[in-house]
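Visitor: Mind folding the following:
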Amino acid sequence: MEAERKRVSESVVETVHIVRPNHMNAAGRLFGGMLMQWLDEVAGMVAKRHARSNVITASVDNLRFIHGAYQGEMVVIVGKVTYVGSSSMEVRVDTYVEHLEDGMRHPINRAYFTMVALDENEKPKRVPRLILETEAEKAEWKAGEKRREMRMKRKKEGF
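Guide: Numbering: from 1, shown residues only. Got it, this is the predicted structure:
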């Protein structure tokens, strides 16, 4: 029996948030913890779509804050599966501020989440293989292999 396979495009998630006063930190920018919650939610939805099961967040790495977001701005968060192991999935989550004047999206954050699919007994379960259709998807997969190696090395070293 051949393993189930899914396209990257089948599990893409995009959310949009307006930065409100209750999302702000003391410096007048979007609070990083609020953004982390939004990112984790998107990564979870992407992984659930791919695995068609419950998932847990195993790790977050390469979290880069490129620029801040301010009150009233539209924050767009896009997540997609970039690499799969046997029960784990790497989900890339990109965050943008979308400007009303021209509709342009300016990157403000990128993160990679490792999500694990769970069966009905809360045990890791096999996830569908990933169909890579574009050169960008193939390049992201290769980079995902390297990130996985680094995560394994850090885990072995106790990080």
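Visitor: counting contacts, what elements does the helix-or-strand element of the chain with minimal mean pLDDT pack onto?
Guide: The weakest-scoring helix or strand in the chain, judged by mean pLDDT, DSSP states H and E, is strand 54-65 (a mean of 90). If you count contacts as 3 or more CB pairs under 8 Å, 6 or more residues apart in numbering; DSSP states H and E, strand 54-65 packs onto helix 32-51, strand 105-118, helix 135-156. Backbone N, C-alpha and C define where each C-beta goes, glycine included.
Visitor: hmm, 7 Å instead?
Guide: Strand 54-65 is packed against helix 32-51, strand 105-118, with contacts defined by 3 or more CB pairs under 7 Å, 6 or more residues apart in numbering; DSSP states H and E.
Visitor: partners of that strand, with directions?
Guide: Note on strand 54-65: by DSSP bridges, its sheet partners are strand 105-118 (antiparallel).
Visitor: Work out the gap between the partner strand and the centre of the chain.
Guide: Between the centre of strand 105-118 and the centre of its chain there are 2 Å (CA atoms, centre = their mean, to the nearest Å).
Visitor: quick check: angle from it to helix 135-156?
Guide: Here strand 105-118 runs at an angle of 60 degrees relative to helix 135-156 (axes from the mean of the first three to the mean of the last three CA atoms, to 10 degrees).
Visitor: Make 135 the starting number, not 1.
Guide: Done: numbering now begins at 135, and the last item shifts to strand 239-252.
Visitor: next SSE after strand 239-252?
Guide: Per DSSP states H and E, the first helix or strand lying C-terminal to strand 239-252 is strand 263-265.
Visitor: Now do that next one, average pLDDT.
Guide: Averaging pLDDT along strand 263-265 gives 97.
Visitor: For residue 204, give its distance to residue 157.
Guide: 10 Å (CB to CB, to the nearest Å).
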